[in-house]
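# no FASTA, just this:
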């Protein structure tokens, strides 16, 4: 039996990197060849394979990727603005089958493909909603954008030109039984609150969904040591009795930095140089003299992390002490020496654990991309806890 990963490599060798659409069609077909979603991919996939003179025996390969498609799935969902698949893992853990994924960022797509064996479709604004398979749940961590509301009520038409519009048009066309939208906490006050009001008006009035009041959920309450607040918006089609829906309650599981630290000694490249550490100290002092609290932070093993974010002081606000290093020879070009106080940045694997990604999740991109990907991702346990409550309403068995 052939390995799926080897099959995918052979396909990639025959398809131009710029034509990822073909790989998206083929991999979506392979993932869904035995369910109703295959209708949306089969003809195009077979046409592409025929043009390439490439044959695939659907019965003769095994899914040697970390997160293969769920067999005997209980429900279907689509993964919009998929990133590296944090939302997908949460819903697959509960028995869901992903029938469509979309992500535009090149390196995120690489990580997604490595872990799920599926190439996401690209720019969602260029994908027609009718070409997306029917699904039970729509899942999206859409970017936050301001809407142009010139004294209007604030609804579907006012979202044009934003990426939320693409979420709305897909909901309007496919009418999923439910949806889960995730965004930064700042969405609440974004554009003076008008953005969130427009989103809710669109979902409730224009699309006719039951949408309980959104809730800010903190990852630290769901088993990961990270203070990460995100707003969750849940909605149900009106023919579904969802009056009993409740957002998940915090679980009684305390975790700390010690729980996510690397088991082995990490490379010296993660340790701050003496010069860089000096710069951070001086930078923090300047801000403190002005009454600002901005600056680096060293976390204790029994504490929790600040929200991991992309850019700025994302890594510097989550420094840790690790005194296991014995070889202080620099492995990158640095000014000064490797500090002897054991102060280092967290590794990408530690950031992955802060977000609840299991260790089988593969990280094969450069650190720069990995930090960005995990900083942009979701806290899987918080998503999964919310998804579980959604599926209770949908009466999906054994959730």
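Ah, there it is. Quick caveat: nothing in here was measured; it's all calculated off a predicted structure.
# hey, where'd the strands end up in the stretch 151-300 of the chain?
For the stretch 151-300 of the chain, the strands defined by DSSP state E, counting those that start in this stretch occupy 178-184, 209-210, 215-218, 226-227, 229-237, 298-299.
# Can you lay out these as TSV showing mean pLDDT and distance to residue 93?
No exception for glycine: its C-beta is placed from N, CA and C like everyone else's. What follows is the strands of the stretch 151-300 of the chain, written out as TSV (pLDDT from 0 to 100; distance: least, CB to CB, whole Å):
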stretch	mean pLDDT	distance to residue 93
strand 178-184	95	14
strand 209-210	98	25
strand 215-218	97	17
strand 226-227	96	19
strand 229-237	97	17
strand 298-299	96	28
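# Determine which of those approaches residue 378 most closely.
The closest of these to residue 378 is strand 178-184. By CB to CB, the value is 5.9 Å.
# any idea how far that closest one is from the chain center?
Put simply, strand 178-184 sits 12 Å off its chain's centre (CA atoms, centre = their mean, to the nearest Å).
# Repeat that for stretch 283-291.
That offset, for stretch 283-291, works out to 35 Å (CA atoms, centre = their mean).
# Dump the strands of the stretch 151-300 of the chain to JSON lines, plus mean neighbour count and distance to residue 194.
Converted to JSON lines, these look like this (neighbours: other CB atoms under 10 Å; distance: least, CB to CB, whole Å):
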{"stretch": "strand 178-184", "mean neighbour count": "23", "distance to residue 194": "15"}
{"stretch": "strand 209-210", "mean neighbour count": "21", "distance to residue 194": "20"}
{"stretch": "strand 215-218", "mean neighbour count": "17", "distance to residue 194": "18"}
{"stretch": "strand 226-227", "mean neighbour count": "20", "distance to residue 194": "28"}
{"stretch": "strand 229-237", "mean neighbour count": "21", "distance to residue 194": "15"}
{"stretch": "strand 298-299", "mean neighbour count": "17", "distance to residue 194": "37"}
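# my guess is residue 25 contacts residue 41, does it?
Yes: applying CB atoms under 8 Å, one finds residue 25 in contact with residue 41, separated by 5.7 Å.
# Quick check, residue 354 in contact with residue 226.
Yes: here residue 354 lies in contact with residue 226, judged by CB under 8 Å, at a distance of 4.5 Å.
# which residues are common contacts for those two?
The contact sets of residue 354 and residue 226 overlap at 305, 308, 379 (CB atoms under 8 Å, 6 or more residues apart in numbering).
# okay, now the domains of the protein?
Listed by automatic domain parsing, the domain ranges of the chain are 1-64, 68-251+362-399, 263-346.
# Run through the stretch 101-250 of the chain and note the low-pLDDT ranges.
145-159, 161 (pLDDT under 70).
# can you give me the helices in this protein?
Per DSSP state H, the chain carries helices over the ranges 4-14, 20-31, 42-51, 86-93, 106-116, 163-174, 194-201, 257-260, 274-289, 348-354, 367-376, 380-393.
# quick one, which of these is nearest to residue 299?
Closest approach to residue 299 among those (CB to CB): helix 257-260, 5.4 Å.
# before we move on, the earlier item: narrow the shared contacts of residue 354 and residue 226 to those in strands?
With DSSP state E as the criterion, strands contain residue 305 from among those.
# What is the lowest-pLDDT residue among the shared contacts of residue 354 and residue 226?
In terms of pLDDT, the least confident member of these is residue 308, at 93.
# ok, it touching residue 314?
Yes: counting by CB under 8 Å, residue 308 touches residue 314, with 6.0 Å between them.
# May I see the strands of the stretch 151-300 of the chain organised as a markdown table, with distance to residue 243 added?
Listed next are the strands of the stretch 151-300 of the chain as a markdown table, based on distance: least, CB to CB, whole Å:
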| stretch | distance to residue 243 |
| --- | --- |
| strand 178-184 | 14 |
| strand 209-210 | 8 |
| strand 215-218 | 16 |
| strand 226-227 | 32 |
| strand 229-237 | 9 |
| strand 298-299 | 42 |
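# so which of the ones you listed comes closest to residue 1?
strand 178-184 (35.7 Å).
# Measure how that closest one sits relative to helix 86-93, angle-wise.
Interaxial angle of strand 178-184 relative to helix 86-93 (axes from the mean of the first three to the mean of the last three CA atoms, to 10 degrees): 140 degrees.
# Who are the packing partners of strand 178-184?
Contacts defined by 3 or more CB pairs under 8 Å, 6 or more residues apart in numbering; DSSP states H and E place strand 178-184 against strand 137-140, helix 163-174, strand 229-237, helix 380-393.
# try 7 Å this time
strand 137-140, strand 229-237, helix 380-393 (3 or more CB pairs under 7 Å, 6 or more residues apart in numbering; DSSP states H and E).
# who touches the last one?
Yep, that's helix 380-393 we're talking about. Applying CB atoms under 7 Å, 6 or more residues apart in numbering, the set of residues contacting helix 380-393 from outside is 75, 86-87, 89-91, 93-94, 137, 178, 180, 182, 217, 219, 222-224, 232, 234, 236, 240, 242, 244-248, 355-357, 399.
# Would you write a PyMOL line that selects the buried entries of these?
The buried residues among the contacts of helix 380-393 can be selected in PyMOL (16 or more other CB atoms under 10 Å) with this line:
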select buried, resi 75+86+87+89+90+91+93+94+137+178+180+182+217+219+222+223+224+232+234+236+242+245+247+248+355+356+357+399
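# quick one: the residue in the chain sticking out farthest from the centre from residue 13, how far?
Residue farthest from the centre of the chain, counting by CA atoms, centre = their mean, is residue 289 at 38.0 Å. Shown here: residue 289 relative to residue 13, a distance of 58 Å by CB to CB, to the nearest Å.
# now do residue 194
Taking CB to CB, one finds residue 194 at 49 Å from residue 13.
# so who does the closest residue to residue 100 other than its chain neighbours touch?
Among residues not flanking residue 100 along the chain, residue 78 sits closest, at 4.2 Å (CB to CB, 6 or more residues apart in numbering). Listed by CB under 7 Å, 6+ apart, the contact partners of residue 78 are 98-100, 132, 135, 138-139.
# do you know which of the strands of the stretch 151-300 of the chain lies nearest residue 252?
strand 215-218 (14.5 Å).
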